[in-house]
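K.L.:
Need coordinates for the below:
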Amino acid sequence: MQPAPGMDASIAQDHPTAPWIKHAPTIITVGMIVILALHGPIAQPAHYHEFADQSVASGIPHAADVFSNAGFALVAIWGWLTLRPRRASDHLRAGWPGYRLFLIGLFLTAFGSAFYHLAPDNISLIWDRLPIALVCAGLLAGVRGDIRGGSKSEIDVIVLALYAVASVAWWAITDRNGAGDLRPYLLLQGLALILIPLWQAIYRCPRTDRIAFATAMVLYILAKVAEVLDHEIASALGFVTGHTLKHLIATAATAAVVWGLTRRFSQDGHGARRVGQPTCPP
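P.N.:
Sure, this is the predicted structure:
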């Protein structure tokens with residue numbers, strides 16, 4: 001089998017994957033579900049809505065946290081305008097249903113998160129978490145489509161999108177009953193961080209894809225660290241809070257994903273795959 005366009009040939013050849021390795025994602029997924037089930041409900045931190053940003057601009061409260069979401073919309077528009085015209089390309093066809101959901105979720109995140117930060121509470125937080133869950137679902141479905149090919153991507157998108165909505169609904173319902181449980185929502189984010197690089201390694205996806213997604217995963221982890229250190233960063237730096245910084249770093253993470261997808265088309269002259277052939281050959 002010839003390596004896909006843009007693939008690092010030195011990785012693709014003469015390195016057969018042990019059959020059991022391909023079962024690792026399933027084992028990890030089941031393991032995470034069991035661990036979370038045994039752990040019991042995971043509640044939201046008591047002071048979650050007490051952000052360090054108290055800036056006001058043109059009468060808009062928490063202005064830095066609100067306006068720093070604009071980058072998500074800009075990256076989503078860039079990705080949509082660049083990738084959608086090429087959605088039927090052999091480079092993108094299999095994963096496009098998932099990446100389409102990723103871009104839509106990313107665009108909605110800009111507005112959902114901005115709305116939440118105007119007046120942070122558990123009700124408005126639903127509209128922040130829902131599009132973020134769709135972003136994670138879209139990325140999982142997109143990469144899964146890359147490694148599987150064929151027509152199953154649409155099914156993956158539907159299943160994962162429904163799970164994303166259900167995970168946020170579960171938290172909202174349990175929170176209304178006095179014991180909010182974030183486990184399904186956290187599972188979705190955890191699986192995206194673990195399964196995507198694992199799938200790409202197992203199926204020897206193109207080097208550019210692996211670099212782009214690995215960069216995105218590292219940046220996202222840094223964004224979560226900045227979120228946790230919201231007040232500490234605000235005290236140390238003065239001009240920016242940790243949560244505002246989280247938005248900016250997370251925007252860079254999503255830009256890395258879009259950059260990686262657009263880079264596939266720089267290899268057009270190196271050959272084309274058959275229709276339905278996965279981007280990451282087995």
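K.L.:
Show me what the helix or strand encompassing Phe102 is packed up against.
P.N.:
For Phe102, the host element (DSSP states H and E) is helix 96-118. Other elements packing on helix 96-118 under the criterion 3 or more CB pairs under 8 Å, 6 or more residues apart in numbering; DSSP states H and E are helix 63-67, helix 70-83, helix 122-148, helix 153-176, helix 242-263. Every residue, glycine included, has its C-beta placed from N, CA and C.
K.L.:
run the last query once more with 10 Å
P.N.:
Counting contacts by 3 or more CB pairs under 10 Å, 6 or more residues apart in numbering; DSSP states H and E, helix 96-118 packs against strand 60-61, helix 63-67, helix 70-83, helix 122-148, helix 153-176, helix 242-263.
K.L.:
To Asp90, which of those lies closest?
P.N.:
With CB to CB as the measure, helix 122-148 is the member of the helices and strands packed on helix 96-118 nearest Asp90 (11.5 Å).
K.L.:
Next, the buried residues of the closest one.
P.N.:
Residues of helix 122-148 classed as buried: 124-148 (neighbour count, 16 or more other CB atoms under 10 Å).
K.L.:
what angle sits between it and helix 70-83?
P.N.:
30 degrees (axes from the mean of the first three to the mean of the last three CA atoms, to 10 degrees).
K.L.:
quick one: average confidence on helix 122-148?
P.N.:
The average of the pLDDT scores along helix 122-148 is 96.
K.L.:
what does stretch 217-234 give?
P.N.:
97.
K.L.:
hmm, who's touching it?
P.N.:
45, 47, 50-54, 64-65, 136, 139, 189, 192-194, 196-197, 235-236, 240-257 (CB atoms under 10 Å, 6 or more residues apart in numbering).
K.L.:
run the last query once more with 6 Å
P.N.:
With contact meaning CB atoms under 6 Å, 6 or more residues apart in numbering, stretch 217-234 is reached by Ala52, Leu193, Thr241, Gly242, His243, Leu245, Lys246, Ile249, Ala250, Ala252, Ala253.
K.L.:
from the chain's centre, how far out does it sit?
P.N.:
Centroid displacement of stretch 217-234 relative to its chain, using CA atoms, centre = their mean, to the nearest Å, is 16 Å.
K.L.:
May I see the buried residues of it?
P.N.:
Going by 16+ other CB under 10 Å, stretch 217-234 has these buried residues: Met217, Leu219, Tyr220, Leu222, Ala223, Ala226, Glu227, Leu229, Asp230, His231, Ile233, Ala234.
K.L.:
re the thing from before, make a markdown table out of the helices and strands packed on helix 96-118 and add distance to Ile33.
P.N.:
Formatted as a markdown table, the helices and strands packed on helix 96-118 follow (distance: least, CB to CB, whole Å):
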| stretch | distance to Ile33 |
| --- | --- |
| strand 60-61 | 39 |
| helix 63-67 | 33 |
| helix 70-83 | 29 |
| helix 122-148 | 15 |
| helix 153-176 | 12 |
| helix 242-263 | 25 |
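K.L.:
Cool, thanks, signing off.
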